[in-house]
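S.K.: Got a sequence here, can you build the structure:
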Amino acid sequence: MNDYLLKATAYEGEVRAYAICSTDTVEEARRRQDTWATASAALGRTITITTMLGAMLKGENKLTVKVEGKGPIGAIVTDANAKGEVRGYVSNPHVDFESNEQGKLDVKRAVGTEGTLSIVKDLGLKNHFTGQVPIVSGEISEDFTYYLANSEQVPSAVGAGVLVNPDHSILAAGGFIVQMMPGASEDTINKIEESIASMPPISAMVQDGKTPEEILNIILGTDNLKILEQLPVTFSCGCSKERLETAIQSLGNEEIDAMIREDHGATASCHFCNEKYSFNIDELRALKTK
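M.R.: Below you'll find the model as predicted:
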């Protein structure tokens, strides 16, 4: 099953919900970042949730997420748009620990609990919208739940899970966001809370081959969904040599001359996708401005 995301409503519009299968997308990020198991789980959960938040946007709008819990993994940075395109990286990809007391990857220990979760939205306006909350868990899903409730005042249940193979490749990854709309009845709220409390782990459902539609049926306790949109999900990075040329030009002629004189060229790599771009002496000279 190719990765995709589903937007839906249920209970006569009282509930808005998103579900995603992100296994291939998280695997691509893991491959490019060379993350170890615990780092893969932390990055994968963040990428999965960021993709769903991006799907809440419109047009060319996009957002950037930064998780800084002061743990050994360092910062997790992800960004996504309204088209299902996402990318992300971690400062320290080679982080792994023994399983925690629940027998799961110890994401909390890797991320840390003394920092912030921030989201910057580029909505095409002069100023970007920025929201920030303290890390409350370090397990990622709970931190996004807290963010949505406190920064955006939207009561939400957020879940994301990643299963990692012994060779560190991604076995399964997926997630969900369920949001209660204004005026939702107590009966609807109670039913969904009971469903979420009794549901299997989201990563286990993805591993079992459950589609986003089937996942939402289980989470919401109903198969009466109104599907709003289905989006393909991919790891996508917009870096290019042309963009790096602009960045090098912005350094000024003196810095470019130093690259030519001392390094006889320049090599740069993208944080998100690890693509490397090289510039020889002639290319650097051409970038000097008059």
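
S.K.: Can you verify my assumption that residue 210 contacts residue 218?
M.R.: Yes - assessed by Cβ atoms under 8 Å, residue 210 is found in contact with residue 218 at 7.4 Å. C-beta: built from backbone N, CA, C; applies to glycine.

S.K.: give the contact list for the residue sitting nearest the centre point of the chain.
M.R.: Of all residues in the chain, the one closest to the mean position by Cα atoms, centre = their mean is residue 47, 1.9 Å from it. Counting by Cβ atoms under 8 Å, 6 or more residues apart in numbering, residue 47 touches 22, 25, 26, 29, 78, 86, 87, 88, 235.

S.K.: Show me how the record splits this structure into domains.
M.R.: The record, using automatic domain parsing to delimit domains, assigns the chain the ranges 4-235, 241-287.

S.K.: one step back: how about the secondary structure of the residue nearest to the centre of the chain?
M.R.: Assigned state for residue 47: helix (three-state reduction, DSSP: H, G, I helix; E, B strand; the rest coil).

S.K.: Residue 7 too?
M.R.: Under three-state DSSP, residue 7 comes out as strand.

S.K.: Which strand in the protein has the most residues?
M.R.: strand 170-180 (DSSP state E).

S.K.: Please work out the average pLDDT along the helix or strand that that one is followed by.
M.R.: Per DSSP states H and E, the first helix or strand lying C-terminal to strand 170-180 is helix 186-198. Summarised as a single mean, pLDDT over helix 186-198 is 92.

S.K.: And stretch 281-290, by the same measure?
M.R.: Stretch 281-290 shows a mean pLDDT of 85.

S.K.: same thing with stretch 172-182?
M.R.: The pLDDT scores in stretch 172-182 average 96.

S.K.: Going by neighbour count, list what's buried in that stretch.
M.R.: For stretch 172-182, the neighbour count (16 or more other Cβ atoms under 10 Å) marks 172, 173, 174, 175, 176, 177, 178, 179, 180 as buried.

S.K.: May I have that stretch as PDB, with CA atoms only?
M.R.: Output of stretch 172-182 as PDB, limited to C-alpha atoms (Å, rounded to 0.1, in the frame of the first residue of the first chain):
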ATOM      1  CA  ALA A 172       5.300   0.300   9.800                       C
ATOM      2  CA  ALA A 173       4.400   4.000  10.500                       C
ATOM      3  CA  GLY A 174       1.200   5.800  10.700                       C
ATOM      4  CA  GLY A 175      -0.900   8.200  12.700                       C
ATOM      5  CA  PHE A 176      -4.200   9.900  13.400                       C
ATOM      6  CA  ILE A 177      -5.700  13.200  14.600                       C
ATOM      7  CA  VAL A 178      -9.200  13.400  15.900                       C
ATOM      8  CA  GLN A 179     -10.700  16.800  16.600                       C
ATOM      9  CA  MET A 180     -14.000  17.700  18.200                       C
ATOM     10  CA  MET A 181     -16.000  20.500  16.500                       C
ATOM     11  CA  PRO A 182     -17.800  23.200  18.500                       C
END
